[in-house]
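>>> here are the coordinates; sequence isn't available:
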């Protein structure tokens with residue numbers, strides 16, 4: 001079995017996949033946390049690894065940046081590789097004043113400026129929400145591990161460089177953070193009857209100018225990765 005974007009064979013990918021945007025974060029997570037990780041895909045540089053975490057098989061695969069990219073990879077994983085759960089482990093920019101660098105956000109729901117949902121031809125705008133079972137498990141696991149997390153809505157944007165400077169407008173809706181993938185992941189999971197969750201680490205604060213370096217985003221978000229992995233047990 002393979003797809004135009006994934007050369008993994010049947011059985012190469014676990015039922016639960018952690019999905020960072022950055023291929024190098026996927027590599028770091030797999031080599032740091034998984035026992036005997038093996039590379040199962042490298043098409044277009046979207047590295048995917050499968051290994052064991054505390055006796056459970058888990059895969060880690062990059063999604064690339066933006067909703068079109070994660071829409072492709074998550075669809076193929078759900079549809080063709082029998083993946084049941086995808087947990088996005090991404091970075092986000094703080095919108096709420098309550099968030100600071102390296103804080104963890106669990107996205108219960110997503111707002112968006114994307115037209116991704118138009119493909120479904122619905123008589124309205126569908127809500128994009130996390131699977132409650134995955135969310136509850138992640139939240140309970142965070143409490144058990146003593147990790148402080150923020151749970152709420154995020155804004156999934158189609159634009160990184162936003163000419164309209166719209167983030168300031170989203171603050172009044174009590175949106176926690178901005179990222180670029182979760183809306184399409186949640187809708188893809190809903191459409192295919194699968195489960196998805198987004199856990200993000202705050203990598204920058206647009207309203208204060210604080211930000212992490214590229215290397216820090218790649219290798220230092222270990223609390224988020226540990227939380228996601230522990231939530232799979």
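Nice, I can see it. Because the structure is a prediction, the values reported are computed rather than measured.
>>> ok, residue 147 - how many residues close by?
Neighbourhood size, residue 147 [other CB atoms under 10 Å]: 16. Glycine gets a C-beta too; all of them are placed from N, C-alpha and C.
>>> Return the helix or strand in this protein with minimum mean pLDDT.
helix 214-219 (a mean of 81; mean pLDDT, DSSP states H and E).
>>> Quick check: buried residues in that helix?
Using 16 or more other CB atoms under 10 Å as the test for burial, helix 214-219 gives 217-218.
>>> in which helix or strand would I find residue 203?
Following DSSP states H and E, one finds residue 203 within strand 195-205.
>>> which residues make contact with the helix or strand that comes right after that strand from outside it?
Going down the chain from strand 195-205, the next helix or strand is strand 210-211, by DSSP H and E. Residues outside strand 210-211 that contact it (CB atoms under 8 Å, 6 or more residues apart in numbering) are 100-101, 203-205.
>>> ranges for the helices of the protein?
For the chain, the helices defined by DSSP state H occupy 23-33, 67-80, 132-145, 167-170, 182-192, 214-219, 222-230.
>>> mind putting these in CSV, distance to residue 12 included?
Output for the helices of the chain, formatted as CSV (distance: least, CB to CB, whole Å):
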stretch, distance to residue 12
helix 23-33, 13
helix 67-80, 11
helix 132-145, 23
helix 167-170, 39
helix 182-192, 20
helix 214-219, 24
helix 222-230, 19
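>>> what's the closest of those helices to residue 110?
In terms of CB to CB, the element of these nearest to residue 110 is helix 182-192, at 4.2 Å.
>>> quick one: buried residues of that closest one?
Buried residues in helix 182-192 (16+ other CB under 10 Å): 182-190.
>>> tell me the pLDDT at the closest residue to residue 115 other than its chain neighbours?
Leaving out its chain neighbours, the residue that sits closest to residue 115 by CB to CB, 6 or more residues apart in numbering is residue 158, at 8.0 Å. Residue 158 carries a pLDDT value of 96.
>>> contacting residues around the residue positioned nearest the centre of the chain?
Central residue of the chain (CA atoms, centre = their mean): residue 88, 1.9 Å from the mean position. By CB under 8 Å, 6+ apart, the contact set of residue 88 is 18-20, 63, 70, 181-182, 185, 196-200.
>>> With pLDDT and distance to residue 95 as added columns, please give those in TSV.
Listed next are the contacts of residue 88 as TSV, based on pLDDT from 0 to 100; distance: CB to CB, whole Å:
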residue	pLDDT	distance to residue 95
18	98	24
19	98	22
20	98	21
63	98	22
70	98	20
181	98	16
182	98	14
185	98	19
196	98	21
197	98	20
198	98	15
199	98	17
200	97	12
